[in-house]
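Enquirer: quick one, what's the 3D model for this:
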Amino acid sequence: MIANKTNESAPETQRNSVFALLSKNIVPLLTLAIVAGACFAVVQYYKKPGQMSVMESQAMDMSAMVPPKGSMPVAIARVSRENIDGSVTYTGTALAYEDEDIFPRIEARIVQMPVYPGQKVSKGQLLVQLDAPQNSEYLARMDEAQFEAQASEHDAGIAKEEFKKNEYQLKAAEAAESGAQSAVAEAQASVDYWQPELRREAELLKKQVISQQEYDNEDSQLKGAQAKLALAKSQLTEAGSRKMAAQADVEMTMHHVAHRYAMSKQANAKAQSAQIIESYRQIVASSEGVITKRLVSPGVVVSPGMLIMKLAHIRKIRLQAELANSDIDKIQVGAPVYYQSSKSSEVREAKVTSIFPAADPSTRTFIVEAMITNLQPQQTLAKPGVLSNLDHYQFLPGQYVIMRIVTGSANGLVIPNKAIVWKEGGAKVWKAVGGQNDKGAASKYTCLMHPEIHEDKPGKCPKCGMELVAQEKSGPLSAELVDVKLGLSNAEKTQVLSGLNENDQVIYEGQEDLQPGMPVVATDWGKSAPEKLPDAADLNSNRLAAGNSFSSTQTVADLVLQLKMTPTPLKADNNELQISVEQNGKAFSGINISGTSSMPDMMAMAGPALQAREIAPGQYVIKCNFSSGLWKADLHLTQSGPEEQHLAVEIEVP
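Expert: So this is what the prediction gives:
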């Protein structure tokens, strides 16, 4: 009995010990429970939508993160009005400004060729040396010709001195003749005096006024004068003969001098010719260039007209492209040309300098040429101011070049080239037009992070707290294929002449599998695919959230509204809604914007009344001061007339 009593009292003893332990530690246990509950409450309160624990994140299926079925992610651009330079792009070739063929001008042996293909040469640099520098046949000929020229110049000098001597003799003969003429004149005057005097004396003698002796004296005077006259005339004749002889000598020596000088000039010309021919033994570069080919080697005997080397002058260079017949009429001399070499990705500008007037008969293409200065800009050189190697040139002959030639300029509506689709022989564009937004019916709602969740109505994900999205849902935009007429085009954009309006949205990526009316959603596009798939904020086009930088564009009637919550990043209890209103691309003023606010997640609990104030033409601000959570703003837009427009937006405040 005692044993049984002992066994019965054991459980009671254990219970008493447990109660004693609990009563002893009740305060620490209660404290631990309170702290754990508080931590759980704080974590749940501050947990962001989509925020998960480590275990949840490891179990998440990232491949299931896709937009709702039926929404095609695409890249969208707005049709804008801007200046556009139309252009055509062709591959071309760089050609030397001049290709110089090097020929010898004399027959000789090549003894030196100090240059090789690919080497840059300067003006005056030696290219080819013909014959040995000493004991050259052409050098001997030049020396002989120079000696002959010197001898001829000496003979011409002697002839010139003889001519001067004869000139002096001619002057002496002329002076003697002049003296003889004076003597004749004097004797003639004496004769002229005595002849009438003697006749007078004869009359006096007849009358016996004078004696015979007096008459004979007068007669003797006349005869003496006549003798002097005859002598003077004889001397004059002799002086004239000497003068004519001297004059003949002068003329003869004059011709002799001319002949000697002609021979001297001939000898000098021969010497100069020999010197020129001797200079042909050295072939030098006429200007800066590059050796492109060497056809013979030292030791070969060459003759005039034999091609031995090719030299390209590339300080200037010609860029040529062959244009199709359909493009040549669009190009004019002076049109801008943007070219790019294989050495550098830098695009540089030039001008069309020539359009060849005839087409190639085989290809029916026309050559368009742009001439450029081929030197690299000084700032790109390793050693500015030093031109020592081929790196200092933009192009070498024969190199590949991309040439974009401007065909005209205009101001108009432009779209990306990628937006153009060619179908049925014409140009078309997929345009993104307004869809059903969030009014489309949906049978099931799911979570993007947990696709296994399926609910019949909107709400939050029971696992992560994110907003549920419709499984079958129309996107905010839908695709529409329109015909367009195109104008000027370049490598990036094309002018649209008809078919689109300014601010229309066109799809330029992701349109390969589109069908008319298919819902689309805009997303950032990478090289070949979307950079990321759109999230719920992208699909809910009327929601301002972190996914769209708390901004959105809405169209109400003919008004375009740009909505944005500030500040950035958005803060709770201190924020405002900024609204920019435009009509036909211009700021729209004088509109009254007011409304109400509510919190959809809090049983549509009413929030503060909303009233906008206009701070600038077309710029409105609503002071919201929304707290953290999802807010809905029902806005009313009224103008001067009675018609009122409505706009509802959702705002996620972190």
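Enquirer: buried set for the helix or strand that contains residue 652?
Expert: Assigned by DSSP states H and E, residue 652 falls within strand 644-653. Within strand 644-653, the residues scored as buried using 16 or more other C-beta atoms under 10 Å are 645, 647, 649, 650, 651, 652, 653. Every C-beta, even on glycine, is put in place using the N, C-alpha and C of the backbone.
Enquirer: which members of the residues you listed define the maximum pairwise distance?
Expert: Taking C-beta to C-beta, the two most distant members of those are 645 and 653; they sit 25.2 Å apart.
Enquirer: how about the buried residues of strand 644-653 in CSV, adding distance to residue 459 and pLDDT?
Expert: Conversion of the buried residues of strand 644-653 to CSV gives the following (distance: C-beta to C-beta, whole Å; pLDDT from 0 to 100):
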residue, distance to residue 459, pLDDT
645, 30, 82
647, 25, 83
649, 20, 86
650, 15, 85
651, 19, 89
652, 15, 88
653, 19, 90
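Enquirer: ok, of these, which one's closest to residue 567?
Expert: Using C-beta to C-beta, the buried residues of strand 644-653 come closest to residue 567 at residue 653, 12.0 Å.
Enquirer: in its sheet, what does the strand holding residue 652 sit against?
Expert: According to DSSP bridges, strand 644-653 forms sheet pairs with strand 543-544 (parallel), strand 629-638 (antiparallel).
Enquirer: out of these, deepest packed?
Expert: strand 543-544 (a mean of 22; mean count of other C-beta atoms under 10 Å).
Enquirer: list the contacts of it.
Expert: With C-beta atoms under 8 Å, 6 or more residues apart in numbering as the contact definition, strand 543-544 has outside contacts at 536, 537, 550, 551, 552, 563, 564, 565, 649, 650, 651, 652.
Enquirer: looking at these, spot the one nearest residue 407.
Expert: residue 551 (38.3 Å).
Enquirer: just to check, the closest one is in contact with residue 563?
Expert: Yes: with contacts counted by C-beta atoms under 8 Å, residue 551 reaches residue 563, the gap being 6.5 Å.
Enquirer: the two: who's more crowded?
Expert: For residue 551 and residue 563, the more surrounded residue by other C-beta atoms under 10 Å is residue 563, and the numbers stand at 22 against 14.
Enquirer: any idea what that one is bridged to?
Expert: In beta-bridge terms (that is, DSSP bridges), residue 563 pairs with residue 552, residue 579.
Enquirer: how close does it get to residue 543?
Expert: 11 Å (C-beta to C-beta, to the nearest Å).
Enquirer: also residue 263?
Expert: For residue 263, the distance to residue 543 - C-beta to C-beta - is 110 Å.
Enquirer: could you do residue 422 as well?
Expert: For residue 422, the distance to residue 543 - C-beta to C-beta - is 37 Å.
Enquirer: try residue 171
Expert: 125 Å.
Enquirer: packing partners of the longest strand along the chain?
Expert: Among the segments of the chain that qualify as a strand by DSSP state E, the longest is strand 80-102. Under the contact definition 3 or more C-beta pairs under 8 Å, 6 or more residues apart in numbering; DSSP states H and E, strand 80-102 sits against strand 289-294, strand 309-323, strand 336-341, strand 400-416, strand 485-489, strand 493-498.
Enquirer: let's see 7 Å
Expert: strand 309-323, strand 400-416, strand 485-489 (3 or more C-beta pairs under 7 Å, 6 or more residues apart in numbering; DSSP states H and E).
Enquirer: buried deepest among these, which one?
Expert: strand 309-323 (a mean of 21).
Enquirer: quick check: mean pLDDT of that one?
Expert: In this model, strand 309-323 has a mean pLDDT of 91.
Enquirer: just how off-centre is the very next helix or strand once past that strand within its chain?
Expert: Next along the chain after strand 309-323, taking DSSP H and E as the criterion, comes helix 325-328. Centroid separation for helix 325-328 versus its chain: 22 Å, with C-alpha atoms, centre = their mean, to the nearest Å.
Enquirer: residue 628: neighbour count?
Expert: 14.
Enquirer: what about the nearest residue to it once chain neighbours are set aside, how many neighbours?
Expert: Residue nearest to residue 628 in three dimensions, not counting chain neighbours: residue 572, with 4.4 Å by C-beta to C-beta, 6 or more residues apart in numbering. Residues contacting residue 572 under the criterion other C-beta under 10 Å number 12.
Enquirer: wait, doesn't residue 572 sit right on residue 653?
Expert: Yes: using C-beta atoms under 7 Å, residue 572 is in contact with residue 653, at 5.3 Å.
Enquirer: who touches both of these two?
Expert: 627, 628 (C-beta atoms under 7 Å, 6 or more residues apart in numbering).
Enquirer: coming back round to it: and the contacts of strand 543-544, which is closest to residue 97?
Expert: The nearest one, if we look at these relative to residue 97 and count by C-beta to C-beta, is residue 551, at 56.1 Å.
Enquirer: what's the burial count for the residue nearest to residue 653 when sequence neighbours are not counted?
Expert: Using C-beta to C-beta, 6+ apart and skipping the chain neighbours, the partner closest in space to residue 653 is residue 626 (4.8 Å). When neighbours are counted by other C-beta under 10 Å, residue 626 registers 24.
Enquirer: helix, strand or coil for residue 626?
Expert: When classified by DSSP: H, G, I helix; E, B strand; the rest coil, residue 626 comes out as coil.
Enquirer: about what we covered before: the longest strand of the chain pairs with which strands?
Expert: strand 309-323 (antiparallel), strand 400-416 (antiparallel).
Enquirer: C-terminal to that strand, what's the next element?
Expert: strand 108-112.
Enquirer: how much space separates residue 251 from residue 169?
Expert: 13 Å.
Enquirer: tell me which of these two has more neighbours.
Expert: The neighbour count for residue 251 versus residue 169, taken as other C-beta under 10 Å, is higher for residue 169 (16 against 13).
Enquirer: give me phi/psi at the more buried one?
Expert: Residue 169 adopts backbone torsions of phi -60, psi -40, taken as degrees, to the nearest 10.
Enquirer: residue contacts, it?
Expert: 246, 249 are the contacts of residue 169 under C-beta under 7 Å, 6+ apart.
Enquirer: re the thing from before, now distance to residue 610 too, for the strands paired with strand 80-102, in CSV please.
Expert: Shown next, in CSV, are those (distance: least, C-beta to C-beta, whole Å):
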stretch, distance to residue 610
strand 309-323, 61
strand 400-416, 36
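Enquirer: indicate which one of the ones you listed is closest to residue 343.
Expert: strand 400-416 (10.2 Å).
Enquirer: what about that closest one, distance to the chain center?
Expert: That offset, for strand 400-416, works out to 13 Å (C-alpha atoms, centre = their mean).
Enquirer: any idea of the angle it forms with strand 493-498?
Expert: 40 degrees (axes from the mean of the first three to the mean of the last three C-alpha atoms, to 10 degrees).
Enquirer: need the next SSE after strand 400-416, C-terminal direction.
Expert: Heading C-terminal from strand 400-416 (DSSP H and E), you reach strand 420-423.
Enquirer: buried residues, the helix or strand following that following strand. List them.
Expert: Downstream of strand 420-423, the next assigned helix or strand under DSSP H and E is strand 426-434. Across strand 426-434, burial judged by 16+ other C-beta under 10 Å covers 427, 428, 429, 430, 431, 432.
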